[in-house]
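# fold the following and give me the result.
(3 chains)
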Amino acid sequence: MNTGAAGLTLAVSTLFAACGGDYGGGGGVATADFGRFCEEALARVDAFIGRAESEWSAPDSTRYGGTAVVGAIGELTNGMNHFVTSNYETNDHQQFVNLMTLLQYDSTLAMQPYLAESWEVDDLEDPSTITFHVRPDVFWHDGFKVDAEDVAFTYRTITDTATAYPNLSMFDHYVRGPEGVEVIDSLTVRIRLARPHAEYMDPWPSVVIMPHHLLEDVPVTQLQQHPYGTQCPVGNGPFVFVEHRPQESWMFKANPVFPNVLGGRPHLDRYVYRVIPEQTTLLTDLLTENIDVYINPRADQAPQIEASPRLTLLHYTWPAYTLVAWNSRRPWFADARVRRAMSIAVDRRKIVEAQLRGYGSLANTGVNPLHFAYDPSLADELAYAPVVARRLLEEAGWLDRDRDGLRENADGEPFEFTLKYNQGNQRRADIAEIMQAQLAEVGVRVRPQVLEFGTMIAQMTSQERDFDAAIFGWNTGIGRLDETALFHSDKAGEPYAMTGTNDPRIDQLLDTLQLVIDREDAARFWHEYQQVILEQQPYTYIYFDDRLDGVNKRLRGVQMDARGEWINIKDWWIPAEERRGSGS
Amino acid sequence: MHRYLARRTAAAIPLVLGIATIVFFVISLAPGDPTQVLVSPGMRPEVIAQVRANFGLDQPLPVRYVRWLGALLTGDLGYSYSHGRPVLEVIGQILPNTLLLSAAALLVAFAAGVLIGIVQSLRQYSITDQALSVLALFFYSMPSFWLALMLILVFALFARNVWEWPIYFPPSGTRSIEYATLGPFERIADRIRYMTLPVTSLALVLAAGIARYTRGSMLEVIRQDYVRTARAKGLPESRVVFKHALRNALIPVITLLGLYLPVLFSGTVFIETVFGWPGMGKTIVDAIGTRDYPLVMGTSLIFGAMVVLGNLIADMLYAVVDPRIRYE
Amino acid sequence: MAALLVWIGLMGVAVLRRERVAGALSGSLEDRVALATLVGGLATVWVWSWRDVAKPPFRWLGVSQWALAGRAFARNRLAVLGAIGILGLYLIALLTPFLAPADPALLGDLLTELLAPPSETHLLGTDHFARDVLSRVLYGARVSLLIGFVAVGISVTVGTLLGAVAGSLGGWVDTIVMRFVDMVISFPQLVLLITIIALFEPSIFLIVAVLGLTQWTGTARLVRGEVLSLREREYVQAAQALGFSRWRIIIAHLIPNVLGPVTVAATLGIGNTIVLEAGLSFLGLGVQPPMASWGTMVADGRNVMLQAWWLSTFPGLAIVVTVLCFNLVGDGLRDALDPRLRR
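As a prediction, the model looks like this:
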């Protein structure tokens, strides 16, 4: 649902939110007229790329050629229009397929040059400006050169509130708007920071540079309805847009003028993204080699993929976790001891083993296994211990006073609460069921309640905080991790402070963590912070589930990890004899 | 006839508008709005407010309704939030898919259903009759998504990977990747191959009902005096059945065309989802889920209009088949 | 013959599950209902068999339409088979506490018994919670049959009332009701269902209510048509001429004549409703856990169809058999009630 580095985003996998789920367009607003924008843009792309194609010859016929087909359940909502995208797969296509970012993460999550050939920070200890040098050899697919104006335009637009850029919060510590960016020369651009932040470089591997020459004249509020994104994207990345059949497929072809330093023209001739909303169908498509890659299959489909000699199953750690949030404004969950009791009365390890089948790990805090401060040893502190849970509940004053098997507090109020979760997510329904059974054993009654995703989120984020407890998920992305919006008492009135956490130690640590640039120092504070979270248990953390991908073995050189499924799509290749239509 | 058509069409307009209006208010009452799915903690209230303003969602409900209605009169169905493009354009791109699928399914279902119904009626209460009844009902009784998945398993997965049949059917999609490079006849073959499974799943469900109806209708007709007369005259049985009985028996079956359209469209919701077939059924369900009001109303309108149209066609066919019926 | 089978079956349950049966009296309400069903069933079969012996072979005395229809129905082997099937299903649903080998909500050992194939301990295998599929299918019968029955009850009642009112009053009432019917009928029912369910929190009550309230249109049309045509029939006009009161005519003539087609529609409707509920489950809008209908089970099981086929196949077959039985009975009734179709 989000770019890699964009803080926290609700990880949704409801039926509806899975496809579409984003926005774009203006209901009730008169339809804007963009005239012949698309016709003209596509004609220029045809002319420029067509000429380059005729000049290009394959250096190596075994590696160059063929079509790869990727299948996934959702449409690439908003297409290649980065200004309005909040969908995860869509962002990946912008970053790695059709467009480019200034920087990229390498496999160790260090930042590397990409569209920017280099960059400088004025003062590493106390940074106030970043200067990017744009590569001189990158072209928009319609023949225009990519330059500093494109970067400046992108920066101005995404930091303009009227654009409603979904990840605007990445730029909290930057100077927003036209004052924040300065074009030094045609390939050099300088960005200004407003105040220091530990992870100040964090936005750049995920901000996609957009074409200044095509979109500058579009009023920012109309960007959402602009046909550029879904009908005629003109990118600058390794793949050129060919065709989009809504709710069905996207087709791209190799960009023959992609800079050789960055790998040159991709090996594949064509790349197709197909939308197949039903997961059982997706699996059979993969098994019958109708598609080459199945993006994000369910863990229970993994054995089928592994059993097929023609397929490989890729799996890797993913910075998303499932949790139970406790509303501390409610009488049951005001006391940290009770919340701890909830966490240890449920056999989380068993849930992890049964649901993830080895593809994932137990979560103890929001710090994911990819983060430098991750500490797997924390698990032991909250291991399954119903006896301890009963004791904690008794200490907190919850006793079974009337011998009906259900605990009450001193006022006779029973420990009986509603546990909300969203529709269409089998795993969350299953967790609710297990919790109901296991909490009953310690004298607590759970009433699971299923809601439509939008409704549930609306109830939790509203000022009324209409929930007792809820199961949902966050996708934190790689890079910056900042839980201020969730647990800082200053943010209590803001939507995502659902738990109502109010703890001075948490506030102080969150403030500090934002400023400590040195990782070793930061790790110490992170350790301390996680200890407080373990003790306070605003959430009961369940697990980090791995991301899975099923890949046909004819597709070679595929590399996928937490940075994205498409990170090295330009290096994917299919041996000549195994290509579609080659008789095998 | 023309006047009748005009009158029917005029009566249909408020009908269809009524449907869209009901849907508009029901869906607007539901909690959540199109911006709801955009939940990232970084989005401060002012950004969300901006998105809502960009969408025109900051206007009160009646205002939005009146605006929608006003735009509709000028032929504008508004903008789809979830697709980021005009509703008319979205529908224009997916409607042909649904029409193709539905038309093919109706054709197959009527052909198969009528045939089965005739066979059954000629052999009433025989083993054949009962076996066909049970068989037709068997498919009719299966949840359609399950039937569709079973077809995929058998005719795609097992046919290709286990039994290695020379012909198998692709589990999803509307055409192959190489479609653009194919010749005209290969293209038709390609499309038919991709349509086979979805059309079969849709048609199987409808055929049972049509067969049942045809059987009943035939049984009724066969007992009529003029059929007895024809038989008594010594006309060959095939002539009696096809010339005299069938023509009259089919008249009530034609009404099914109008009646089955909504059923068919409900069916497309599942079939389009299972087979990854981009069409109206899947779109409207997604649109409801994402609270994409303009798209929900646009698709509702089109669905309603198609049903009304289907009923009109049924009426006209009626007049063609049955000379006793005259419209004025 | 059928009676004997039922008797043997019931006795079998009583003997094989004697411990459960013995404990049922002090058990929960559903246990007691099951016990009552068992005792009642045995008694009924017993009395019935005595009647067979004591009296001469049953003979049709009257030649009323109902008797004729009954005879026609009895001659239709498939319909009779369907009727027996339905009877069996309801017996099974009521006796579930005695029949189910395990608690349907009982989580098994998640590490060793997960998705176990059918075996001696779990006749129909286990699901993704290591729960016994057979028990779940048995308990699911109650949910699915209940949904079908209640929803159709609602739709038939509403449909009959509105249809009768529209047909007998005529005028603007008729116009309004029928325009509304036209509107609802010309719209895909599923879309209407989804829209309404999106409004509220999905619960079994909501689903039953919505299924019931969106399906009445067919019945309303049917009843109105019957009423309109009956008004023109000679015997009704004769009754009117004789000065019989309006109510008497409705009760004595309209209702019996409308009852036939409505019964047929209801029987077919139950099957439809069960399939429809399965469809809603596929979209994630059906009955919510921990309660499970057959539809939910098929929909959930489809995700592991290739790996654990028993998960969706058995509840799926249960749906097919049930809907088939209802449809056979419906068809049989239609044939039997329509004198023109009798052989």
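# chain A contacts on the stretch 201-328 of chain B?
By CB under 8 Å from any CB of the partner chain, the residues of the stretch 201-328 of chain B that approach chain A are B:273-276, B:278, B:282-283, B:285-294. C-beta: built from backbone N, CA, C; applies to glycine.
# return the subset of these lying in helices.
If you go by DSSP state H, these have B:273-274, B:282-283, B:285-289, B:293-294 in helices.
# need those residues in a markdown table with pLDDT, can you?
Listed next are those as a markdown table, based on pLDDT from 0 to 100:
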| residue | pLDDT |
| --- | --- |
| B:Thr273 | 90 |
| B:Val274 | 92 |
| B:Lys282 | 87 |
| B:Thr283 | 89 |
| B:Val285 | 84 |
| B:Asp286 | 83 |
| B:Ala287 | 85 |
| B:Ile288 | 81 |
| B:Gly289 | 77 |
| B:Tyr293 | 79 |
| B:Pro294 | 83 |
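# buried only: go through those for me.
By neighbour count, with 16 or more other CB atoms under 10 Å in any protein chain shown, those hold B:273-274, B:282-283, B:285-289, B:293-294 as buried.
# looking at those, which is nearest A:Asp404?
B:Gly289 (41.2 Å; CB to CB).
# A:Glu55: neighbouring residues, count only.
8 (other CB atoms under 10 Å in any protein chain shown).
# that one contacts A:Val257, correct?
No: the pair A:Glu55 and A:Val257 does not pass the contact test of CB atoms under 8 Å, sitting 9.2 Å apart.
# which phi and psi does the residue in the stretch 401-550 of chain A that chain B sits nearest to have?
Closest contact between the stretch 401-550 of chain A and chain B, by CB to the nearest CB, is at A:Gly454 (3.1 Å). Backbone torsions of A:Gly454, given as degrees, to the nearest 10, read phi -60, psi -40.
# and it, how many neighbours?
There are 28 residues near A:Gly454, going by other CB under 10 Å.
# for it, give me the pLDDT.
Note on A:Gly454: pLDDT of 70.
# ok, and of the ones in helices among the residues of the stretch 201-328 of chain B next to chain A, which contact chain C?
B:273, B:285, B:288-289.
# can you pull the phi/psi pair for the residue in the stretch 101-250 of chain A that chain B sits nearest to?
Nearest residue of the stretch 101-250 of chain A to chain B, counting by CB to the nearest CB: A:Ser169, 2.3 Å away. For A:Ser169, the backbone dihedrals are phi -60, psi -20 (criterion: degrees, to the nearest 10).
# and A:Tyr105, by the same measure?
The phi/psi pair for A:Tyr105 (degrees, to the nearest 10) is phi -80, psi 140.
# now do the contacts for C:Phe282.
B:143, B:145, B:270, B:273, C:295, C:298-299, C:302 (CB atoms under 8 Å, 6 or more residues apart in numbering or on different chains).
# out of those residues, which one sits closest to A:Phe144?
For the contacts of C:Phe282, the residue nearest A:Phe144 by CB to CB is B:Thr273; the value is 41.0 Å.
# what separates that closest one from B:Gln50, distance-wise?
Here the distance between B:Thr273 and B:Gln50 works out to 34 Å (CB to CB, to the nearest Å).
# on that earlier part again, what's the closest of the buried ones among the ones in helices among the residues of the stretch 201-328 of chain B next to chain A to A:Asp300?
Distance to A:Asp300 across those (CB to CB) is lowest for B:Val274, with 18.4 Å.
# work out for me the element the closest residue to that closest one other than its chain neighbours sits within.
Counting by CB to CB, 6 or more residues apart in numbering or on different chains, B:Val274 lies nearest to B:Ala148, which is 4.3 Å off, once chain neighbours are set aside. According to DSSP states H and E, B:Ala148 maps onto helix B:144-152.
# sorry, back to before: can you pick out the most distant pair from the ones next to chain C among the ones in helices among the residues of the stretch 201-328 of chain B next to chain A?
B:Thr273 and B:Ile288 (13.4 Å).
# pLDDT weak spots in chain B?
Regions of chain B meeting the criterion pLDDT under 70 cover residues B:1, B:31-47, B:323-328.
# for the closest residue in space to A:Asp300 that isn't next to it in sequence, give me its contacts.
The shortest distance from A:Asp300 to any non-neighbouring residue, by CB to CB, 6+ apart, is to C:Val304 (5.2 Å). For C:Val304, the contact set (CB under 8 Å, 6+ apart) comprises A:300-301, C:115, C:128, C:311.
# for C:Val304, grab phi and psi.
According to degrees, to the nearest 10, C:Val304 has phi -120, psi 30.
# for it, report the pLDDT, please.
pLDDT, C:Val304: 82.
# give me the distance between it and C:Val264.
If you go by CB to CB, the gap between C:Val304 and C:Val264 works out to 39 Å.
# biggest helix in chain C by residues?
helix C:133-169.
# quick one: average confidence on that helix?
88.
# for the residue lying closest to A:Gln94 once chain neighbours are set aside, give the beta-bridge partners.
Sequence neighbours aside, A:Val208 is the residue nearest to A:Gln94 in space, at 4.3 Å (criterion: CB to CB, 6+ apart). Beta-bridge partners of A:Val208, counted by DSSP bridges, are A:Thr101.
# how many residues are close by C:Trp7?
17.
# report the secondary structure state of it.
helix (DSSP: H, G, I helix; E, B strand; the rest coil).
# quick one: it from chain B, how far?
Per CB to the nearest CB, to the nearest Å, C:Trp7 is found 27 Å from chain B.
# the closest residue in space to that residue that isn't next to it in sequence: which element?
The shortest distance from C:Trp7 to any non-neighbouring residue, by CB to CB, 6+ apart, is to C:Val45 (4.4 Å). Element membership for C:Val45 (DSSP H and E) is helix C:29-54.
# can you pull the buried residues of that helix?
Within helix C:29-54, the residues that qualify as buried are C:31, C:33-35, C:37-38, C:41-42, C:45, counting by 16+ other CB under 10 Å.
# so it versus helix C:133-169, what angle?
Helix C:29-54 and helix C:133-169 are oriented at 70 degrees to each other (axes from the mean of the first three to the mean of the last three CA atoms, to 10 degrees).
# what packs against the helix or strand following helix C:29-54?
The helix or strand immediately downstream of helix C:29-54 is helix C:65-75, counting by DSSP H and E. Packing contacts for helix C:65-75, counted by 3 or more CB pairs under 8 Å, 6 or more residues apart in numbering or on different chains; DSSP states H and E, involve helix C:77-99, helix C:310-337.
# who in the stretch 51-200 of chain B is up against chain C?
Near chain C, when you scan the stretch 51-200 of chain B using CB under 8 Å from any CB, you find B:124-125, B:130, B:133-134, B:137-138, B:140-146, B:149, B:153, B:157.
# hmm, 7 Å instead?
B:124-125, B:130, B:133-134, B:137-138, B:140-146, B:149, B:153 (CB under 7 Å from any CB of the partner chain).
# filter those residues down to the buried ones.
Buried, going by 16+ other CB under 10 Å: B:124, B:130, B:133-134, B:137-138, B:140-146, B:149, B:153, out of those.
# mind listing what residue 101 touches?
With no chain named, the answer covers chain A. For A:Thr101, the contacting residues are A:95, A:114-115, A:204-209, by CB atoms under 7 Å, 6 or more residues apart in numbering or on different chains.
# let me rephrase: I mean chain C.
C:132, C:134-135.
# if we can go back for a sec, list the buried residues in whatever helix or strand comes next after the helix holding B:Ala148.
Going down the chain from helix B:144-152, the next helix or strand is helix B:184-222, by DSSP H and E. Going by neighbour count (16+ other CB under 10 Å), the buried part of helix B:184-222 is B:190-191, B:194-222.
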